[in-house]
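Visitor: my questions are about this predicted structure, shown below with the sequence.
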Amino acid sequence: MASTLAPEFHLDRYLFTMLAGFFGLVIGAHYIDIAGSSDKYLPYFPRMNRAAIRAVGVLAVLAGVGVGVYMSLIYSIWFLVFVVLGGFFALFYPIEKPKWLHSYTGFGVAWGFMPVLASYYIQALRIDLVGFGLAVFLGITVVEMHHMAVLTNEKEYALETNRNARLLLKIHRAAAYAIGLILLISRLV
């Protein structure tokens, strides 16, 4: 979304951003999280090789960082600030260290504000009020989404709370996909 709202749109930068995010955040951070979770995935993977999963996670984060470094070298060396922060968040958020990072504020900064600002910056090669405002908005929005996901825990919350949270998550996901797809199409046509 941030890439498409920047004053300029470059498909190559968009694709590199998606690739870096896929390796660093989607695969890397989640594999590190899985390796560090003692009970969360146990019923599904009782004999999980945590060391191997953690290694794949770290390597995926490093691959994402590598893509980011490449982008920094060809587009803007200042983008390296986002790459370093993104790598730090992807490696350390899942292991809950430092503790401040594994909070609602940390979640909003790591998974909303910073990636959005980075995506906007790499397109425009500047940060303006539109990019900053979008980053703040999406930082808050991912915290809201995360809180609704927490409420879907059937063991801790009533069935009605769980159902309502799941419905809100579906609506949120549909809205996010629709907005993102429409904005991307608007830049490509």
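Guide: Great, that's in hand. Residues are numbered from 1 along each chain as shown.
Visitor: CA only for contacts and neighbour counts going forward, please
Guide: Will do.
Visitor: in whichever strand or helix holds residue 63, what counts as buried?
Guide: Using DSSP states H and E, residue 63 sits within helix 50-74. Neighbour counts using 16 or more other CA atoms under 10 Å place 50, 53-54, 56-72 of helix 50-74 among the buried residues.
Visitor: so for it, mean pLDDT?
Guide: Mean per-residue pLDDT for helix 50-74: 96.
Visitor: show me what it is packed against.
Guide: Contacting helix 50-74 under the criterion 3 or more CA pairs under 8 Å, 6 or more residues apart in numbering; DSSP states H and E are the following elements: helix 11-21, helix 30-36, helix 80-92.
Visitor: out of these, nearest to residue 181?
Guide: Across these, residue 181 has its closest neighbour in helix 11-21 (13.3 Å, CA to CA).
Visitor: so what's the most centrally placed residue in the chain up against?
Guide: Residue closest to the average C-alpha location in the chain (CA atoms, centre = their mean): residue 111, at 4.1 Å. Residue 111 makes contact with 139, 142 under the criterion CA atoms under 8 Å, 6 or more residues apart in numbering.
Visitor: so where's the chain uncertain?
Guide: 38-44, 154 (pLDDT under 70).
Visitor: now residue 8: which helix or strand?
Guide: Short version, using DSSP H and E: residue 8 is in no helix or strand.
Visitor: ramachandran coordinates for it?
Guide: Phi and psi for residue 8, reported as degrees, to the nearest 10, are phi -120, psi 150.
Visitor: picking that back up, taking helix 11-21 as reference, get the angle to the helix holding residue 63.
Guide: 160 degrees (axes from the mean of the first three to the mean of the last three CA atoms, to 10 degrees).
Visitor: how about stretch 15-31: buried residues?
Guide: Quick answer for stretch 15-31 (16+ other CA under 10 Å): 16-17, 19-31.
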